[in-house]
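below is the sequence, then the predicted model.
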Amino acid sequence: MSVTALVGAQWGDEGKGKIIDILAEKSDVVVRSQGGNNAGHTVVVDGVTYKLRLIPSGILYDNKVCVIGNGIVLNPKALIGEMNEIKASGKSLDGLKIDARAHVVLPYHIELDGLSEKLRGKGDIGTTKRGIGPCYMDKAERSGIRMCDFINPEIFAQKLKTNINIKNKIIVDVYGGQPLDFDTIYNEYTKYAETLAPFVTDASVLVYNAIKSGKNVLFEGAQGALLDIDVGTYPYVTSSHPTAGGFCIGTGIGPTLIDEVLGVCKSYTTRVGKGPFPTELDDEIGNNIRQKGGEYGTVTGRARRCGWLDLVILRFAVRVNGLTSLAVNKLDTLTGIDKLKVCVAYRKNGKLIEDFPVDISELEGCEPVYETLDGWSEDISDIKCYNDLPASTKKYIEFIENKLGVKVAMVGVGPSRNQNLIK
Ligand code: GDP
Ligand code: IMO
Ligand code: MG
């Protein structure tokens, strides 16, 4: 039996979907605990690419229980769209479970996400405009609509009416937007509620019982450590907890039930959206990494910002998640770069900084301190065994391990299930 939590160790898009898919084979239950369809997890199986946003990546196997936990903000329309895609690809949805406490993303959340970003102008956060922040705002304000309310037509009508009245005042009077119509939303969304009702359950009980009966449970992280609303690069973060603690809150289980925390990172760094990025490469090398690594957002298609690997960030991820091991993806993307720089600390005003700064204003003006390692030119994408990697590729991995004091358990050399080397 094992209970493993998998987290993104950077700014998201580290290739979590691929690793989850690989680990899901030996899991009985796969659980998403926070975020919503701001996440985009790519899984490539037998040449077919799946892009999962809300449904746990375990759905691509038969007989896995796939849980959408209480910490998720769930867009019913998006989820049903995704369920239809999964069905069309011949996969079963029998194992899908949705916690009754998960909050529902409604059209006013999406409208408000767009309007508030527009009003912020140049100071925008660069959100995915999926209504994630506004939905978590309602949760914290205690006016949110949960799945248990949503699937009860009377309660849904009552709560929706109250909320639309208030949101319309904000939309029209604060932002100068167009009001939303209760009847239109109610009629459309009650149909979604009917479709989703059979999947709704108390997932906290389900996951707890699975762990207690010795099942293998895998927690599927979304986003990444630096996007955490508490410890991330605030305010350029998402509105939830992508760090390991988020699994407990977002599933309703205690921390002593988790055995291992696996961090997933890329062999370099990327970020979508705004905010400081010390090792960003605004040059030819950055462009090459973007092209070769296909660094364009799964959800919004935006070009991802690219830069050198930053061990200050990974050291932070080790600490805030209690990482027990690391998976390093996309080594193949670095092939052909003669010299590879790795940031080991920052320097600001002559002072060496090894712990990721608390405040982004502190981060501004931090100069990366680099160590330079030899690159490799061999095509590594067909290599099946860690020991067969070029010596300089192994040195790169071992450099990461030594600097972080955490074992690298897996190395990614391509997007497919079989392009993952166990170290
Ligand atoms: P996630 O959000 O963390 O699941 O990551 P995304 O799916 O948003 O982005 C990761 C991208 O990298 C996807 O297109 C994956 O198919 C791809 N990918 C994952 N691992 C590797 C790897 O080792 N090599 C290459 N070339 N691509 C990878
Ligand atoms: P996966 O799970 C990368 C980023 C957005 C934006 C910020 C806030 O695929 O790794 P939001 O819409 O959440 O309010 O946007 O967070 N963001 C992600 N970046 N990968 C993700 O998920 C992300 N989810 C949110 O780009 O900068
Ligand atoms: Mg992604």
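Looks like it arrived, so ask away. Numbers count the residues shown, from 1 in each chain. Ligands and ions are numbered 1, 2, ... in the order given.

residues from the stretch 1-150 of the chain in reach of ligand 2?
The stretch 1-150 of the chain has residues 8, 11-13, 38-41, 125-128, 130, 132-133 near ligand 2, with proximity defined as CB under 6 Å from any ligand atom. C-beta coordinates here come from the backbone N, C-alpha and C atoms, glycine included.

could you rerun that using 5 Å?
By the rule CB under 5 Å from any ligand atom, the part of the stretch 1-150 of the chain lying against ligand 2 is Gly12, Asp13, Asn38, Ala39, Gly40, Gly126, Thr127, Thr128, Ile132, Gly133.

excluding its backbone neighbours, what's nearest the first one?
Think Gly12. Gly224 (4.2 Å; CB to CB, 6 or more residues apart in numbering).

and the one you found, how close does it get to Ala409?
Using CB to CB, to the nearest Å, one gets 18 Å for the distance from Gly224 to Ala409.

comparing the two, which residue is more hemmed in?
Gly224 (28 against 18; other CB atoms under 10 Å).

residues contacting Val3?
Ile211, Asn216, Val217, Leu218, Phe219, Leu257, Ile258, Asp259, Glu260 (CB atoms under 8 Å, 6 or more residues apart in numbering).

which one is Asp228 nearest to, not counting chain neighbours?
Thr243 (4.8 Å).

so that neighbour: helix, strand or coil?
Three-state call for Thr243 (DSSP: H, G, I helix; E, B strand; the rest coil): coil.

Phe156 too?
helix.

Phe399 and Val408: what is the separation?
From Phe399 to Val408 the distance is 10 Å (CB to CB).

what pLDDT, on average, does stretch 283-302 get?
Stretch 283-302 carries an average pLDDT of 92.

and for stretch 386-404?
Per-residue scores along stretch 386-404 average to 98.

okay if I get the contacts of Val3 as CSV plus distance to ligand 2, pLDDT and secondary structure?
Putting those into CSV (distance: CB to the nearest ligand atom, whole Å; pLDDT from 0 to 100; DSSP: H, G, I helix; E, B strand; the rest coil) gives the following:
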residue, distance to ligand 2, pLDDT, secondary structure
Ile211, 24, 98, helix
Asn216, 22, 98, coil
Val217, 19, 98, strand
Leu218, 15, 98, strand
Phe219, 13, 98, strand
Leu257, 23, 97, helix
Ile258, 19, 97, coil
Asp259, 23, 97, coil
Glu260, 20, 98, strand
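
neighbour-wise, which of the residues you listed leads?
Phe219 (30 neighbours).

that residue bridge partners, please.
Ala5, Val31 (DSSP bridges).

ok, it - contacts?
Val3, Thr4, Ala5, Leu6, Val30, Val31, Ser33, Phe247, Thr251, Ile258.

picking that back up, determine which two of the residues of the stretch 1-150 of the chain next to ligand 2 are furthest apart.
Asp13 and Gly133 (18.8 Å; CB to CB).

more neighbours, these two?
Taking neighbours as other CB under 10 Å, Asp13 and Gly133 compare with Asp13 leading, 27 against 23.

surely the more buried one is within a helix?
No - looking at Asp13 with three-state DSSP, it is coil, so not inside a helix.

residue in this protein nearest to ligand 1?
Gly412 (2.5 Å; CB to the nearest ligand atom).

burial measure for that residue, as a count.
26.

what's the closest non-adjacent residue to it?
Asn329 (3.4 Å).

which residues in the stretch 301-423 of the chain form strands?
305-307, 309-310, 325-329, 339-348, 351-353, 367-374, 407-412, 420-422 (DSSP state E, counting those that start in this stretch).

please name the bridge partners of Val342.
Bridge pairing for Val342 - DSSP bridges - gives Leu309, Glu371.

which positions in the stretch 251-400 of the chain make contact with ligand 3?
By CB under 5 Å from the ion, the residues of the stretch 251-400 of the chain that approach ligand 3 are Thr298.

ok, now how distant is the residue of the chain most remote from its centre from Glu367?
Residue farthest from the centre of the chain, counting by CA atoms, centre = their mean, is Gly350 at 35.1 Å. Distance from Gly350 to Glu367, counting by CB to CB: 10 Å.

what of Asn420?
35 Å.

out of the two, which sits in the busier spot?
With neighbours defined as other CB under 10 Å, Asn420 and Glu367 compare such that Asn420 has more, 21 against 13.

in the chain, which helix or strand is least confident?
Every helix and strand of the chain was ranked by mean pLDDT, DSSP states H and E. The lowest is helix 360-363, at a mean of 91.
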